[in-house]
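Participant: Okay, here's the prediction I keep looking at, along with the sequence it came from:
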Amino acid sequence: MQPRENLRDGGGLTTALTEITPQWNVFQADATAYSLALWRWYNPVLAYFSPDGAYSFNRDYLTDVQKGVVDGRTVVTYTINPRAMYNDGTPLDWRAFENTWRLNRGADVRYAASSTDGYDQIDSVRRGADDRQAIVTFRGIWAWPDGLFNTVQHPKIVSPDDFNRSYLQNPRADLGAGPYTIESYDRTSGIVVFGRNRKWWGKPGKLDRRVFRQLEPQAAINAFRNGELDATGVGSKDYRAQVVTMSGIDVRVSASPANSLLVVNLATPALRDIRVREALLRGIDRRTLARIRFTGLGYTEQLPGSLLMYPFQPGYRDNLGSTADFDQQRARRLLDEAGWVADPSGVRRRTGASGERLTLSLPILGDDATTANLARAMQAMLRQIGIGLTISVRPSADFSAVIVGKEFDVFMMGFSSSDPFGMAYLCQIWCSNSQLNRSGAGSPQLDAEIRRVQAFPVPAEQIRAGNAVEAQAFRQYSNLPLFNGPTMVAVKQKLANFGAGMFFVGPVEDIGWER
């Protein structure tokens, strides 16, 4: 990290984004990691995290945060900076906290919340000593208070239509607050431009402009090589090879708090049978896929066994274990038992008159060569057990359409962790009614087990109990972790406080160019 005094005032930063997600409201279920990347540049960011996940509050918004236990209940008191103000003139006060809780606690299903975890454990949010203090009281002990209210929803978002639809293709810059605000958003070209916010009360941003351009991965590499971008991801052999010979750049590397996984759509008729899903996952050699993914990067990792925690975190456990070990002989037996018989064509067919073929669809997004190689390798593996895999290539900008509309039978996707409290989101990943449960798996019994875990008052206890519950969840054969991977970002050498940083969230106003 470079201190502000080492940075010059001015200049711009331009990078690529795979998708300008239609849903700009990060609290809504259809938002993505791309939504969050944009949100943090023009909305309140109340919490910072060090690379290893240590929490601190942002003093431009909060002057104090006190946590304690009163009468067996967790109580958190947020004292709000009296200067904090939304762009439309609304004070950022206790009402923003109350509204964030109301919209995200899950009491009204008309609000399609991205995650209710933690918010659904709160009993009340009330005014404290004055309007600039919010007192949050939980129903009991809540182990992860630092994972909540890290950003807040404007008090004017009051109805389900406001929450679900008013941010569609619409950033709502008037409801933002921060050192930057949106200067322009060109939906057609996929370009978002941020400039300094004249209404900001803190230290001004070092950059004059921050620009995001929606580009396919190879187009982003080309733009970086041509000097049109100031940084770009280079997390594959081909992309890294295209930039390492360039002068005046750094490649910044860290472990990545992210999951790449295969999601199985349980709404697909053939995949409603758990035997077919188990066969599908046991037919995939994850070690081979990891070798394809990491070839040429000088990077290795153990195969991931959790969608909640990472091997570099205390308490991590391989919850997948042997549940979906690569075992094609067993996979063939399971398909036999499920009534899918071998056929000279190589693709199994269902016994009986229909003769339906066991062929599944796998859409891949964009022009990334590594993704295409992974898909073809998976296709070959599954053909060996008699499952056909039809690969279709769609633009990266179709991500939301594919995942939200469930336009897939199986789909390779990824998600990043916005904070280090992974076990707090056990329900977000695995509850049957979670908007983020893209496979459609789950059961009332598993939901009850998850709620039991959330009642544990100490993080270490929740992690131990949650590991056991996630092991149960994996036995649904609905999600297969593939790899976590590194974060590798090529940047122009003078660019400061930007790149690979694990859990790092810091002040955007301190991103800039060294003197």
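Facilitator: On my side now, so go ahead.

Participant: my guess is residue 111 contacts residue 162, does it?
Facilitator: No. Assessed by Cβ atoms under 8 Å, residue 111 is found out of contact with residue 162, at 9.4 Å. Just so you know, the C-beta spots here come from the backbone N, C-alpha and C atoms, and that holds for glycine as well.

Participant: Compare those two (neighbour count), which wins?
Facilitator: Higher neighbour count among residue 111 and residue 162: residue 111, with 21 against 18, using other Cβ atoms under 10 Å.

Participant: where does that one fall, helix, sheet strand or coil?
Facilitator: Using DSSP: H, G, I helix; E, B strand; the rest coil, the structure places residue 111 in coil.

Participant: got it, and the one 5 residues further on?
Facilitator: Of the three states, residue 116 takes coil under three-state DSSP.

Participant: That one: neighbour count?
Facilitator: Residue 116 has 20 nearby residues by other Cβ under 10 Å.

Participant: what separates the residue lying closest to it once chain neighbours are set aside from residue 121, distance-wise?
Facilitator: Take residue 116 and drop its neighbours on the chain: the residue closest to it by Cβ to Cβ, 6 or more residues apart in numbering is residue 106, 3.6 Å away. Distance, residue 106 to residue 121, by Cβ to Cβ, to the nearest Å: 10 Å.

Participant: out of these two, which sits in the more crowded spot?
Facilitator: Shown here are residue 106 and residue 121; by other Cβ under 10 Å, residue 121 has more neighbours (23 against 17).

Participant: just to revisit the earlier point, identify the contacts common to residue 106 and residue 121.
Facilitator: With Cβ atoms under 8 Å, 6 or more residues apart in numbering applied, the contact sets of residue 106 and residue 121 do not overlap.

Participant: Any regions of the protein where pLDDT drops low?
Facilitator: Across the chain, the ranges flagged by pLDDT under 70 are 353.

Participant: Domain boundaries for it, per the record?
Facilitator: Here the domain parsing of the chain from automatic domain parsing is 19-170, 258-484.

Participant: so what's the residue nearest to residue 187 when sequence neighbours are not counted up against?
Facilitator: Among residues not flanking residue 187 along the chain, residue 169 sits closest, at 5.8 Å (Cβ to Cβ, 6+ apart). Contacts for residue 169 (Cβ under 8 Å, 6+ apart) come out as 22, 24, 187.

Participant: The second one contacts residue 176, doesn't it?
Facilitator: To tie it back to what came earlier, the one meant is residue 24. No. Taking contacts as Cβ under 8 Å, residue 24 lies outside contact range of residue 176: 10.0 Å.

Participant: which one of the two has more residues nearby?
Facilitator: Neighbours were counted for residue 24 and for residue 176 using other Cβ under 10 Å; residue 24 has more, 25 against 21.

Participant: neighbours around the nearest residue to that one once chain neighbours are set aside, how many?
Facilitator: Leaving aside its sequence neighbours, residue 24 sits nearest to residue 167 (Cβ to Cβ, 6+ apart; 4.2 Å). For residue 167, the neighbour count with other Cβ under 10 Å is 23.

Participant: OK, contacts around residue 167?
Facilitator: By Cβ under 8 Å, 6+ apart, the residues touching residue 167 are 23-25, 28.

Participant: Next: residue 157.
Facilitator: 25, 99, 103, 163, 166, 175.

Participant: Distance check, it against residue 107.
Facilitator: From residue 157 to residue 107 the distance is 16 Å (Cβ to Cβ).

Participant: what are the ranges of the helices in the stretch 201-350 of the chain?
Facilitator: 217-225, 237-243, 274-282, 286-294, 328-337 (DSSP state H, counting those that start in this stretch).

Participant: what's the helix or strand for residue 464?
Facilitator: Per DSSP states H and E, residue 464 falls inside helix 459-474.

Participant: Distance from the chain centre to that helix, please.
Facilitator: Distance, stretch centre to chain centre, for helix 459-474: 20 Å (Cα atoms, centre = their mean, to the nearest Å).

Participant: Over to stretch 457-470?
Facilitator: Using Cα atoms, centre = their mean, the offset of stretch 457-470 from its chain centre is 21 Å.

Participant: With only the CA atoms kept, save it in PDB.
Facilitator: Extracted C-alpha coordinates of stretch 457-470, given in PDB (Å, rounded to 0.1, in the frame of the first residue of the first chain):
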ATOM      1  CA  PRO A 457     -22.900 -17.900  19.400                       C
ATOM      2  CA  VAL A 458     -19.200 -18.400  18.700                       C
ATOM      3  CA  PRO A 459     -17.600 -18.400  15.200                       C
ATOM      4  CA  ALA A 460     -15.500 -21.400  15.900                       C
ATOM      5  CA  GLU A 461     -18.600 -23.400  17.000                       C
ATOM      6  CA  GLN A 462     -20.500 -22.300  13.900                       C
ATOM      7  CA  ILE A 463     -17.600 -23.300  11.600                       C
ATOM      8  CA  ARG A 464     -17.400 -26.800  13.200                       C
ATOM      9  CA  ALA A 465     -21.100 -27.400  13.000                       C
ATOM     10  CA  GLY A 466     -21.400 -25.800   9.600                       C
ATOM     11  CA  ASN A 467     -18.700 -28.000   8.100                       C
ATOM     12  CA  ALA A 468     -20.800 -31.000   9.000                       C
ATOM     13  CA  VAL A 469     -23.900 -29.500   7.400                       C
ATOM     14  CA  GLU A 470     -22.100 -28.600   4.300                       C
END
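
Participant: What are the buried residues along that stretch?
Facilitator: 459, 462-463, 465-467, 469-470 (16 or more other Cβ atoms under 10 Å).

Participant: So what touches it?
Facilitator: With contacts defined as Cβ under 8 Å, 6+ apart, stretch 457-470 is touched by 140-144, 306-309, 315, 317, 319, 421, 423-424, 426, 430, 446, 449-450, 452-454, 456.
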